[in-house]
Each structure stands twice: as C-alpha cells, then as structure tokens.
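1. Pasted the sequence and its predicted model underneath.
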Amino acid sequence: MSESSLNTTRRYFLGQCTGVSVGAMALHSLAGQEVTGLPSLPHFAPKAKRVIFLTHSGGPSQLELYDHKPGLMPWAGKELPESVRRGQRLTTMTSGQKQLILPGLTKFSRCGQSGATISEWLPHLQGVADDLCFIKSMTTDQINHAPAMTQFLTGHQLPGRPSLGSWVSYGLGSLNRNLPDYLVLISKMQRPSDQPLYDHYWGSGFLPSRYQGVKLRNSKDPVLYLTDPAGLPRHLRRGMLDGLAELNQMRFEQTQDPEINTRIRQYEMAYRMQSSVPELTDLSDEPDHVFEMYGPDSRRAGSYAANCILARRLAERGVRFIQLFHPDWDHHSRLPSWCTARCRDTDQPSAALIKDLKQRGLLDDTLVLWGGEFGRGVAGQGKWDSPEAGRDHHPRCFTMWMAGGGIKPGITYGATDDFSYNVAENPVHVRDLHATVMHQLGIDHERFTFRSQGLDFRLTGVEPAHVVKNILA
Amino acid sequence: MFRHVGFHMPRLMPKHLLLLLALSLSAHADPVSFSREVMPLLSDNCLSCHGQDAGHRKADLRLDTPEGAREVLKSGDFMARIVTTDPEEIMPPPKSHKPALKPEQVALLKRWIAEGAKWGKHWSLEKPVKAKVEGHPVDFFVKARLAKEGLSLSPTAPPHTFFRRISFDLTGLPPAPGVIEAANNVDGLVSLLFMSHHFGERMAMWWLDAARYADTDGFQSDASRTNWPWRDYVVESFNANKPFDQFTLEQFAGDLLPNATPEQKLATCFHRNHMTNGEGGRDKEESRIDYVIDRVNTMGTVWLGLTLGCTQCHSHKFDPISQHDYYSLHAFFNSIDEDGAAGTGAKPYLSYQSPHAKRAVDEAQTLVDARKPVEAKAKADAAKPFEQWLAERQTAVKDGFQAWHILHGTVESQEGSKLAQSKDGTITASGPNPKQDDYRLISALNLPRLTGLKLEVLPQNGALSRGKDGEFILTDIKVQVRRKGSSQIRDILVKSAVADTKVEGKAREYGDVKGTLDDDPRNGWTTKGFPKDQPHTALYGLAEPLILESDEELIFELRHRSTNGDANIASFRVSATDQPGPAVRELGPTPLEQLASGHPDRHRLLDQFLEDHAPYQLAKASLDLANAQLKEVQAAAGKLNVMVLAERKEPRDTHVLVRGVWDKKGDVVQRDVPAAIAPWPAGTARDRIGLAKWITSKENPLTARVFVNQIWQMLFGAGLVRTPDDFGLQGQRPTHPELLDWLAVDFMENGWDVKKLIKLIVTSETYQQSSDHTSPSDPQNLLLSRGPRFRLPAWMIRDAALASSGLLNPALGGPPVRPHQPDGVWEEIFMGRFTYEPSQGAAQHRRTLYAFWRRSIAPTFLFDSAQRRVCEVAMTRTNTPLQALTLLNDETMMEASRALAKRMLGSPSSNRLQLLYQSVLSREATPKELSVLQRELDRALAHYRAHPEDARKLQTTPELAAHTLVASMVLNLDEAITHE
C-alpha cells in the first residue's frame, strides 16, 4: 500500500468516533502495534491478562462435588423443612413430588493446607486444592437451563446481550495478531446432549459481531471455511490474494472508501489464520509427559482433556478469552454412573491445566474459572434411596472455583446452610462474579457500558453488583 | 460501519462531531427548540433519576413534565444545582458517572429558561407535517441542508454503478442481462424491477428479520415448524404492492376479519414467529407470558420504533410509556388460544396447503427420474464384475474360509481387574472385582482393512460376570487407533451394533446393544433375561472401512459404568473382519462362509459385493439423496400446520407483572394503547383489528415515520434516523427531520403505497449520486453529500454469486432448502441430534430467502445477519477475516466460480476476462485491471498445466481450474460485494 493511502486511512480512522471500529483495529496493526481495545481501558492496572472459563453446562451437583454436608445423614429420606425451602420454585419435573432429602452420595476429603472439601469423585482436583479459591455461595435467578446459562454468561436471562467474553474482547482487544481474541472450545461427545450449546452463549449481542466468540471446531476446519480447497496450493492462494489486494487498491484510489483498506487487511489476517490456527490445534508437538499429565482422554482430539491442552496453548499465544464448554451435567437420575462419567472426563485435565499454567508461569496472569449455570437441589429426584435417584435444578446456591489471575489461592469463600439449599453467608450473585472477573482484568464494570436501543447497557445490569473483594490476593 | 453506537463514548472530539455541534449551534438566531435541543439534554442527564419511572425517581422530582419541573425552574434551583462546584450538590451527581454539563449546554439551558422555558413534546410524538417543497422533495430537503454547509450533491454515479445499485436495492440481485437495455429511463427501469417477483423476495428478507422468522422453535428441543407458507405470503404481499396498513391489519388480525380468507389467517403467523421453549421442567405459563411479551416488544420495534421492552419491568425512564401502558398493550395478545407449549403442540394452528409446494415436488421428481436410470445402469454394470468376483471367491474360499479373525494383544484394566488372554484369544478377568471397570484390548491388525468387530461374551462358571447376579452390563464401547510412538489417539466411528439378544429397550435402560454406542452410561447392553450359561455375541460395523498403517494399533475399549455396577464382563473374546455389508450387520455365517460351506446365498453375496463397488455406491448414494428430498417435499406439499393467532373463548385477565416477573401479578388492566402516542380510533372495538387500525391511524405520529426510515435504511445503508429501533428520547434525532416527515405524510396520503414510496426515493438525484468519498468532511455521510457505499448483506452476496454465474434457480416460494454449509455444524451443536444434508440438484441454487433457518444455529455462510431470535431492524456491518474465509472457501462461492469459469471457456480467449468482469461487476475491466487478471490467470495456468493432479483434486481440467481461481478472485473483490 502506498504511503499516501495509508495516511488517508490513518486520518480517516482518527476522525472516527463511534465506538471502536474494526477500521481502528486495522489501523493499530498497520502501525505495527499490538491491537488494543477501547482507549479508555483498562480503568486501572489489571491483575489478569486473560481468562480461561471452564464452563460445565447442565448444573453440576455441588452436593456431590464440593459442598460437603455431613450433617445431612440423619435427614436422609425426610421431607425438606419448609423453613429451609421457603417457597423455592421447582421445575415441573419435580414440583409434583415430595421433597425428600438425599444426602451427598460421595466421600469428601479435606485437601491440602487449605483443607478444602473436595469429593472422592475428583481425586486430581483434590491435589491442587491449594491453588483454588472456592466460592460456595454462588447464586442465580434462573431455574431452567437456557435462561440460566444465558444469564451466567451474558448477565441477562434472555438472548441478545453480549457474553462476558465478547465484552472483554471488545474492551481490551487482542494480544495476538494472528488469532481471534475470543475462542470457544466444545467437548466432543457421542451422546446427543439434552442441552444444546447455543451460539448466543458466546455471541456478541448488540456489540459488533467481530467480538463474538469464534468456535474452534474439532474437524479438518478448526475455524469454519479455514481450509482452502484441495488442489489450491499456498503459493497460488498467496498470488490470488496479492492480485485481489492490487485490484482492491485500485478501487480504493477511485472511491477513497477507507473500508476497502480494512478489507485488504482482513484478507491478510485470514491468510495468516490459515497457518496460525492449524499450528495451534496440532498437538503433535506436545511431549508425551504432557498427555500423561492431562490424562488418557487428552490424546483424543476434541475431548475436554485435549481442549484443556489447547486452552493452555491459546493462553501462551495471548488469546484474551478462552472458553471451554463441557456439556451433560444435568443429572436428574443415576448420579453414581452419570455424574461420575462427567467427573472422569474433566477431573484430571482441569487439575492438569492448573498445574501446567503454574509450571509455565502463566497462572499469575491467567484467571481460570470453573462452574455451571446453577446447582442441584438437596432433595432426591425419583425414589430418593434408589441408585436411580438424581437431583433437580437449584438456583439458590452452587459452587464455583477460580484460580490464578490475582485471586487468593487456597481459600473457601461463602457458605450454604446445613442443607446446601440457601446461602448462609457472603452470597455471590452471578453479576458479582462478572464484576469480579472484570475487576481482575482492570475494568470497572460500572463504567464499561455500550449504548443500544437508547440505553447504556453493562454486563452486570441494573441491579447493584459488587466485586468480591475478600477473594482478591 | 456497523450498527450505530451513538455519541456517548468517551473519546477524542472527532471532526464530524464538531461539525454536528456547529450545526446545532448554527441556529442561534432562532429561539431554543425544546424538542430538538432541551429534551435530549434532559433525557441524557436527568431523566434516569427524575423521569416518569416512580420506582427509580429521586427526591420526588420529575423533570419530564412541565408540572414536575415548574417549581425548581421557578426557584432557580434547577440551574443552581447544575452550575455549582460543590460535589455534594452538583447535578448530575458524580456517582451517576455522567460528566458535568458542558458550558455550551449550560448556556443553552439558560437561554431556554430566559425565553420562558417553553415545554413541548419529543419530536417523534408530534404529528408529522408536510413542508412546502419545490422540485423533487428528497432533493429539495437534502440540497437545502447541504447548502447550509456550503456543500452540494456529488455528481451522478456512472450508469453501471447506478444499475447495480438499484438492481440490488429493488431485487437483491445484480442487473439481469437485458433488463437495462429494455428500459428507456429510470422510471421504466424501476417499473421493470418492480414487475420481477424478486422484488417481493428482497423485501421479504428484510421483513423476515424484523419478524424473527425461523423454521425451528429455538431453545432446547429446537423442533422444526412448518410456518414457511407465511414467508410466501409476505413475498406475495410485497409483489402485489399490498398497502402497508392492510399488510399490518392482516398480520395483526387476519383471523378476526369478516369472512377471513385462509391467506388472511395465515398472515397472523407474524405474531407466532417468536421462539417457543419446550425445555423439560419449564412452566408453560411462564413461556406463554414470554411469547405475549415478545409480541408487544416486536410491535414496538417494528411499527412504533419504541423500546417497549424497557417497560416490561418498570415504567419507561425516558419515553412517556408507563408499565400500565405496557400491560394494556399486552392485553391485546393475552387471550390467544395457546398454552405455552412448543414443538407440535404449539396451537393454535391453521391447516394450510401451499400452492408453491407442487413446483418443488416436480423439481424433486425430475431429479429422481434423472438419477434412477444412472443407478440402474450402475447396478447392471456391476453384474459382470460381480460374476467375476464370485468366481474368484469361489476358488479362494475352498479351504474352510473364516471371515472373523480373533484379536490377540495387550489387555489392560482401568480399575484393577486382572485380565489375561489365553491362546484361543479368550480374555478372562480375575483378582479384584471393582464396581465399575473399563477394559482395553490393544492389538495389531493382520488384515488389509477393518470393517467390523465381533464381541463374544463367554460364560465362566455358568455366569457372564463376577457380579452378584452373574449378569453383565456393557455401557459403552470405543474403537480407537494409536500410532506407535505418537502421542495422539483417533476415535473410529462405529455405525451399527447388533446382538443375539434383541430387546425392545426403552431409552436409558439397559438391554439394547445400540446403547453401547452413545457414551451414555445410563444405557447399554445386557443379556439379563437370557441364559447366562450361554455365550452371547454382538457385532459392530464401522462407518467406513479402516486401513491401519503398519505402525498403528487398534484399541477396543469396553466400559462397564452402569449405575449399580458390579456387572463387569467375566470372560470375552474379540474378533475382526475385513468383510463388508451383511458380514458385520447380520449375525451367523457371513456370505463367504456360506459360500465356503457350499450353501451360497446369491442375494447376500451381491449385497456384499455392491457394498465395495464404488461406482455403484456413488450412483446409489446420489439416488438415495434425491429420493429423500422427494419424500421431504412431498410431505411439505400436503396440509401443513401453520402457527397462527386465534382468540380463546374465555378471555384471560391481564395483570401488570410486578418487576416483569411472570407470576407476580399486580393490578388488572384492560386493552388500551399509550395515550401519549395517539388516541384510540373512535368507534373501533378493543381488539386486534382496532389495535392495527390505531397503529396505522393518521393520528399515530410514529408508524409511517418508522416505516419510511426503514425503507431509507434499506436504500442508503443507514436511516434518516440512525437508530431505526428507537425513535424515543434516547434514540438519535433524524438527520433530515423535514424530509422524514414529508415522506411519512406522503406515504400515508398515498394509501401506504410501498412501491410508490420506493420509486419516489430512487428517482431522486440524491439516490443517484456517485458514492465515491470525494469530500472528507462528512465520513458518515450524515448530510448525504454522496451516494451510499456499504458492503452488501451476506445473503445478497450469495444470491449475486449464483445469479452472475448463471446458477440461480429463480423459482418462487415453497418449502425451505438447504444451501451448502460445512459438514458437522448442526451435529456438533446438538451432538448429532440433527444432521444437515445439503439440497440436491436445482434446489441447491435457490435464493437465500428460502434457506432453512435453524434458530439455534443460523446458516453459517451468513455473517452479520439478524439472529432471528428476537425482532431486529438495525443493520450490522463488520469487516472480519472470518468473512474473508467464508467468501474464499464456501462451497457455493466455489461452485459459482466454477460455473463462471465454464462460461469463460465457452467464449474466445481474448474475451474471457472481460466476460468475467461483465458478469460479476456489470462493467468492463480497465487495462490496468486486465493486466492483473491476466497475470493471475497465467500464474494459475502455469501451475495447473505443470500439476494436473491439483486440477483433478478440484475436479477440473487445468484450464478450468485456473479460470475458477480467477473467477473466485473477482467474486471476492470489494466492488463485487459492495453496494456502490
């Protein structure tokens, strides 16, 4: 591109005022700089540069995994007192049956120096307890999957708002010129899932669509349309793009429309992605001991375990927001077989990811989150004392953990009552979680807004949201 | 560039904002305009705490009404609190994160007060009036505005650019050869374009986005619905130039009209296009309330340009609409005879047979008829090789042929069972007997390929497991391949499973062997109920034959993860085969074993032979797809259930919902409309007919403006009001208010004539200007000093590629089709529950309007499109590398490139590149452009001539491959994908 046209472009972009434009992004890369987000961000020095969000869809049972309630044994099979239930709504799956208490089915250990309680179904996470910060007092407003997951990820129960990752990508931009800022990895499962993972979960809502999460697929095209057709060698593609750029440049000289220069840049980025993405997803350069650390499933492309390795590789490459989805935690029945299956998929790789990030010095500025859209209720679903029993959805309390990224390691924050039914101390609403994640990234959630349909929207919505100060290192 | 963001972002003061400020200040001599100048200031800075929303109101002070503000204005408190420097006192307060008012804003307020603090209405709530004009009304206002800034219109666009522009705008397609020549002038061209049925399709694509139309429910089950006849109703309505008030009336209340026709009832599907939630555990009443809310919000956005959604939970902070108003509107839609169900239970339905389906059936039938003889011939052609094969087999199987080969190798247990393999291949468990266990057999494969595996579960001491009851439960199996020394494993897809114990198992119970294929520990294979002192056999067939390299090993994994456990297999044996078809799908002797034993079954032998005979398989697969398509459209040609509106006998009471929560019922409200907008039309019943009449009443200041603005946005890429979904206080003000009003009034006076409105705009000089960016002063083109230049919507890019390559199937209406989309996209969202099979034959090349729209995953080749989850009328335009990849590699774009290349090769070589430019860009290439095109063509030709194998991979000859590449380059040009 000629110097003069580059200047025109630069002048034009400096004259742009609405939001952050794709053109402005391209300008930064024209100038050879790191691509950044809004000039007003970060609001203050961030503790974390990037986020890895291990999203467990379906509602993992806090009672089986983390929230140990030994005092429940004498209550087994007895009806949940109304003083505890206090009018909590049930789904229509169990609203017709008696709420008979099913104590947690697993043995717990006190782990590490911190003495966190972790279930025997998660032996590997038991080993990294001292790196984790448990929040036992998570709470949400929604009792059904899609609205709850939508709220968990976008702050509002109805689709249409940007997801957390989109906000972050919009606000902070990318640290990598060859990869999108927000990448999504979904575990490949063989069984049809009962809860589809809608693309609005990583959608950009009213933000420009360039901020939506890009799904890395487990197929020959890790990103849709990435691969050139067979029979089109690289040097011909290069030549064609050169010709395309030349012709577009002629058009630019005629029309002076700066959008054309942005388009030329985007085709170049596309070309670079065609090498950077396969290089990223090809795990063959990982040594054997890495696969051993992440467990046998990690050798299977598309598994949660392999995605955990990919998450680490993305973190190494400076991708801002990395979100893994592992479906099928909706255990309405047969907890001992069904829930253990999902624990087996995820326990070792989740723990390995923490260890791996730590070994590589990445955990300090990477915020790792583990959690699902809600928890599960203390009453058994189905016949409570049968191995067939499961648990219904429960929005009032659930457990998450966080690690790295300026969060205090080895602590447990908040608590539920004796029934793991209500939050007993230090409630953390989903919007508080969002405020806290933003805070670690150097963003004041109250000042980070976007105007759409006449309103200034923010991720944390209109109700007051609070950064959970007590868990910050 | 993309949906407008507004001026609230804290950034440098850019040039054109300065320009705007200058514009607003330039009117200094005139008295301050309340609605244009003061109201926006109050709205931005004061009303979130001092508006009509009593719930959030501070200090019991209202500044949205003259009565509320009177006292503080009179006392001087109002200005005092604004200009004070005391952080405790100043308004807006620092904790609101709103900056203090700027000096010029303060000055404005002071002048307004000095002039008597005259109150007025927000501009969009004043009735529009027609100002006097001279000449073309559009040009009159635009030129007057430009003249104020000392600017003028740009020169007229070159003819080819103008033809492309108007053709895309009116039909969504590039100019068809001949159309331009046939028209004498712009008027004639417009008439010709209006006559094309592509006009209605183009308009419908816009309307479908606004109507959040989709072919599935959305949410968890995302079941298909058959509402597409409504889409054709929309196309036909626009083609017939149905007046917009009538179009509105039919969609709101077609069912209530006297002697309603089926099409009028069909029209009401508009208000049923919302998502429906069939999630288990969902309260249906909550869903039903959601749907009613969706209807009110959609009406607000599409017709009124108001963000009514805000008032679901609280009275509007900015606009004069209370929560009571909102639920009064809700009441019009609250007595629909629906119960919140989704899927096939989403009544009320209209049973409707589409007149457009027969054409699709004929088309599908033609394809089947064309493919049938191909399949028959392939079968006939296979007869000879079959006999030959059979003769060879006959010799080969003489000495006791065995199809199954027992696998020997390493055995491992995950949880501690001791596994040992004996010489005959039997693997037996001993030692610890864990509750659940996974076994793995790792073995080399001494076969040229693998088509299936046989699992024999063998009794040991009269039992099949070491568990209490002696029964086994195999929950899942896995077949994997690992290269020696490699770190990674690949999963091999197993397609079929049969066993000697057939049970009619319910889902999620143990019994059926098919349950071992789905990674679900809640189902799986058990032989409980059958003799446990007998061996049992299961056969697994691979989806595709597997060939192992010499350094690769096969892993067969058996998972015992049942709920109660204690059911691990005690003893078993695994065998492998390279025989296809019946051998792995049917138990008992394989066809070749039968042959070996002297009891050949020719039918099974032929089945097996054909399974491996590629030419036949190809023809058969192709015919199968055509047949499946025929079946599908035949079903669509019958009576369909289309979701429509119908009133229930007993109307429901409508309540205000406290904080918008579905089961928190407040006051009862009656059907009514917000008085601040327009009065209820006298003498009209309080039903949906009345509501539609209120919306399109001449007293309603919003509807015509909102509609005109959307048409303007369609033609200019941005509206006269750049927030098409918000005409309220927080929306943007029109760039040309008098023009908007003139067009709105004229539109109503002309009986809501849509074509007339469009014709008026496109015959203006303003519309016909060049879009080159000659003046740097107005980058966003707010003053319309040049023509619109913006990237075409993705659907138009696809349609244009099909049209300019000659592939487009121009048929109108009918059941949805499935354009090319990468494999596996639906499958990965739904973990295999839905599969996407691209349409076959001519159905593949229909316009994008007809593409099947799965709500949870929109067609992948459409970028920046509306999501069709809720109503959307704003435009989004981004410019990303993912779009570049789509346009470079999408199969449709490749097909169009190939078709263009074929056309090029059909004309003399000297003319080919010009032909390409003419087809795609409707113009000749310049010499400079030609030299680039020629260079790339030569480069590609040189490569493909030297490497014909690459051309073969593209399924072309070297010449065709090289021309395809150049055609693809031209289809990717900025000019090709841009409305210029």
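-> Great, that's in hand. Residues are numbered from 1 along each chain as shown, chains lettered A, B, ... in the order given.
2. My read is that A:Leu183 contacts A:Arg313, right?
-> No - A:Leu183 is not in contact with A:Arg313 according to C-beta atoms under 8 Å; the separation is 10.5 Å. Backbone N, C-alpha and C define where each C-beta goes, glycine included.
3. Between these two, which has more neighbouring residues?
-> More neighbours surround A:Leu183 than the other of A:Leu183 and A:Arg313, with 27 against 18 (other C-beta atoms under 10 Å in any protein chain shown).
4. Which secondary structure state is assigned to that one?
-> Three-state assignment for A:Leu183 (DSSP: H, G, I helix; E, B strand; the rest coil): strand.
5. shaky segments in the chain?
-> Picking chain A for this. In the predicted model of chain A, residues A:1-36, A:190-194, A:453-454 satisfy pLDDT under 70.
6. that's the wrong chain, I meant chain B
-> B:1-29, B:505-508, B:831-832.
7. need the longest strand for it.
-> When chain B is parsed with DSSP state E, its longest strand is strand B:536-546.
8. wait, what's in contact with residue 169?
-> Just going to use chain A. Going by C-beta atoms under 8 Å, 6 or more residues apart in numbering or on different chains, A:Ser169 touches A:37, A:181-182, A:211, A:320-321.
9. other chain: chain B
-> B:202, B:714-715, B:762, B:979.
10. go with 10 Å
-> B:193, B:199, B:202, B:711, B:714-716, B:758, B:761-762, B:767, B:788, B:796, B:979 (C-beta atoms under 10 Å, 6 or more residues apart in numbering or on different chains).
11. again, but for A:Lys408
-> Under the criterion of C-beta under 10 Å, 6+ apart, the neighbours of A:Lys408 are A:114, A:133, A:402, A:470-473.
12. The residue of the stretch 101-250 of chain A found nearest chain B: how many residues sit nearby?
-> Residue of the stretch 101-250 of chain A nearest chain B, by C-beta to the nearest C-beta: A:Gly231 (3.2 Å). For A:Gly231, the neighbour count with other C-beta under 10 Å is 19.
13. Surely it touches B:Thr957?
-> No - contact criterion C-beta atoms under 10 Å: A:Gly231 and B:Thr957 do not qualify, at 11.6 Å.
14. and for these two, which residues touch both?
-> Shared contacts of A:Gly231 and B:Thr957 (C-beta under 10 Å, 6+ apart): B:944, B:951.
15. rewinding a little: could you report the distance from the residue of the stretch 101-250 of chain A closest to chain B to B:Gln955?
-> According to C-beta to C-beta, to the nearest Å, A:Gly231 stands 8 Å off from B:Gln955.
16. who touches both of the two?
-> B:961, B:964.
17. A:Ser95 against A:His393, yeah?
-> No - the pair A:Ser95 / A:His393 is not scored as a contact, 11.4 Å apart, by C-beta under 10 Å.
18. shared neighbours, those two?
-> A:89, B:281.
19. Name the residue in those two with the higher neighbour count.
-> Taking neighbours as other C-beta under 10 Å, A:Ser95 and A:His393 compare with A:His393 leading, 26 against 12.
20. and that one, what are its bridge partners?
-> A:His393 forms beta bridges with A:Arg376, as assigned by DSSP bridges.
21. And B:Phe162, how far from chain A?
-> 15 Å (C-beta to the nearest C-beta, to the nearest Å).
22. how many neighbours does residue 285 have?
-> No chain specified, so I'll use chain A. 9.
23. my bad, chain B
-> 12.
24. Quick one: distance of whichever strand or helix holds it to the chain centre.
-> B:Glu285 belongs to helix B:284-299 when assigned by DSSP states H and E. Relative to its chain's centre, helix B:284-299 lies at 21 Å (C-alpha atoms, centre = their mean, to the nearest Å).
25. same thing with stretch B:77-93?
-> Relative to the centre of its chain, stretch B:77-93 is centred 50 Å away, using C-alpha atoms, centre = their mean.
26. Equivalent analysis for stretch B:613-623, please.
-> With C-alpha atoms, centre = their mean as the basis, stretch B:613-623 stands 33 Å off its chain's centre.
27. swap in stretch A:62-69?
-> On C-alpha atoms, centre = their mean, the centre of stretch A:62-69 falls 22 Å from the chain's centre.
28. what about that stretch, how long is it end to end?
-> 10 Å (C-alpha to C-alpha, to the nearest Å).
29. does any part of that stretch sit near chain B?
-> No - Stretch A:62-69 does not reach chain B (C-beta under 10 Å from any C-beta of the partner chain); its nearest approach is 14.0 Å.
30. B:Val411: what secondary structure?
-> Going by three-state DSSP: B:Val411 is strand.
31. which non-adjacent residue is nearest B:Met894?
-> Nearest residue to B:Met894 in three dimensions, chain neighbours excluded: A:Pro229, at 6.2 Å (C-beta to C-beta, 6 or more residues apart in numbering or on different chains).
32. whoops, B:Trp795 was the one
-> Of all residues apart from its sequence neighbours, B:Thr848 sits closest to B:Trp795 (C-beta to C-beta, 6+ apart), at 3.8 Å.
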